[in-house]
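**Student:** need a 3D model of the sequence below.
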Amino acid sequence: MFKSDLVSYLNSDEFHNTFITVLDDSLTLLAFVACCIFIVIKDKAAFRYSFLCLVFYVAGNFTYGPILSFDSGIVYRYIFWALNDIVFIAIVAYWALKDKMYMWQSIMVQLVVLPAPVLQLFRLVDRHLMDLSYSTYLYKSVLPIVNTVTIILCFAPLIWHFSQKIKWKNGSLNN
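**Tutor:** Coordinates of the predicted model:
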């Protein structure tokens, strides 16, 4: 009984409106905080990725409503969102190759974001073209995790930055 109540709650609009919407808003705020931090510590590569995340989250917030209202057939939204994720991955890869972003951060971001466009297209085929529901749980659980980890990776250079400062202080104390 409890399991079916939990499953129905996870599939409800109430869960989506209370948890996922708040999470998306807080992720935008965290991307903004990361941008501010990297401006202060003057880390251009980390700032560039944080700013890219901020731009994509803000653009996503502004395009979400119009995409839903335009797409009455519930087809084009998944294609648009998959292309959005692919463009994000492409920018990150290009910046890493041009040394405008940390290569290790770029690889981690690409590995984290890669399931998103695949899941968007799987959702399109599964739910709306074949009228099945295999992707429901994956879609509602994996995409928020991808979005959260993408923002957490904004702060990964901060951990590296402070570890380098600690190494430098410990090295200067030993000499």
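**Student:** contact partners for the closest residue to Ser133 other than its chain neighbours?
**Tutor:** Distance criterion C-beta to C-beta, 6 or more residues apart in numbering; nearest residue to Ser133, sequence neighbours excluded, is Arg127 at 6.4 Å. Where you see a C-beta, it was placed from the backbone N, CA and C, and this is true even at glycine. By C-beta atoms under 8 Å, 6 or more residues apart in numbering, the contact list for Arg127 reads Ser133, Ser135, Thr136.
**Student:** where does Val33 land in three-state SS?
**Tutor:** Going by DSSP: H, G, I helix; E, B strand; the rest coil, the secondary structure assigned to Val33 is helix.
**Student:** state the three-state secondary structure for the most centrally placed residue in the chain.
**Tutor:** With distances taken as C-alpha atoms, centre = their mean, Asn147 lies nearest the centre of the chain, 2.8 Å away. Classification of Asn147 by three-state DSSP places it in helix.
**Student:** rewinding a little: pLDDT score assigned to the residue nearest to Ser133?
**Tutor:** We have a pLDDT of 77 for Arg127.
**Student:** for Ala45, see how far away the residue nearest to Gly73 when sequence neighbours are not counted is.
**Tutor:** Excluding its sequence neighbours, the residue lying closest to Gly73 (C-beta to C-beta, 6+ apart) is His128, at 7.9 Å. According to C-beta to C-beta, to the nearest Å, His128 stands 39 Å off from Ala45.
**Student:** I appreciate the help and will end here.
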